[in-house]
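Student: structure for this input, please:
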Amino acid sequence: MTRKNLKAVAIKQTNFLERLVADAQLEEPLETLPEPVPEDGFEVLVFHLSSERYGIPIGLIKEIIRYVEPTEVPHTVNFLDGIISLRGEMIPLINGRKRLGHELKTPDKRSRIIVLQDGPHRYGILVDAAVHVVTVLRNKIEPPPPVLGNVDATFIDGVAEHKGQLIILLNLRRFLEFA
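Tutor: Purely as a prediction, here's the structure:
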């Protein structure tokens, strides 16, 4: 390989690494807690929809994947964006923004699909970003306030505070209902 070719390869590799680093800086890493979970607590995944922080217990989460374009399914409920194929399994994709009444947004690099396992069924929830895992103490959960903007209170189990920020805890049974 000539010196000119080696220089071109080195430039391509540098550009590739710079793009990887730039992409990584756009994403917030998932934080995990090194301490054991107290008996009166449970872990929740915190994710963003619009400017709100929501939480769901990690026990139902199978995995978190990058956004993939769903295949639309005609004549379904309005909050279902379609279905995605995950290693050959067809999974309905619920748009979290539509389901909870937030303004619609085109998915971007930070958008994630949270894949839930509920018995034999799997569901995907499209969120703006999956942020981190925190421990919530049961005795620190407050009932949902009567007015939560556009969010239907039946989707909310309660509200918890973590490091000065409120986390809206979703009622997944109600959230996953298609009726």
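Student: which residues of the chain fall in strands?
Tutor: Assigned by DSSP state E, the strands in the chain fall at 41-49, 52-57, 61-66, 80-86, 89-95, 112-118, 121-127, 129-137, 156-162, 165-170.
Student: same for the fourth one, what does it pack against?
Tutor: Pointing back at strand 80-86 there. Applying 3 or more CB pairs under 8 Å, 6 or more residues apart in numbering; DSSP states H and E, one finds that strand 80-86 contacts strand 89-95, strand 121-127. Using the backbone N, CA and C atoms, a C-beta is placed for each residue, glycine as well.
Student: same question, the first one
Tutor: Helices and strands in packing contact with strand 41-49 are listed as strand 52-57, helix 96-100, strand 112-118, strand 121-127, strand 129-137, strand 165-170; criterion 3+ CB pairs under 8 Å, 6+ apart.
Student: for Ile156, which of those is the nearest?
Tutor: The minimum distance between Ile156 and the helices and strands packed on strand 41-49 falls on strand 165-170, with 5.9 Å, by CB to CB.
Student: chain center to that closest one, what's the gap?
Tutor: 13 Å (CA atoms, centre = their mean, to the nearest Å).
Student: and for stretch 155-168?
Tutor: 16 Å.
Student: now stretch 156-171
Tutor: Taking mean C-alpha positions (CA atoms, centre = their mean), stretch 156-171 and its chain are 15 Å apart.
Student: how long is it from one end to the other?
Tutor: 5 Å (CA to CA, to the nearest Å).
Student: buried set for it?
Tutor: 156-160, 162, 167-171 (16 or more other CB atoms under 10 Å).
Student: quick check: phi and psi at Leu176.
Tutor: phi -90, psi 0 (degrees, to the nearest 10).
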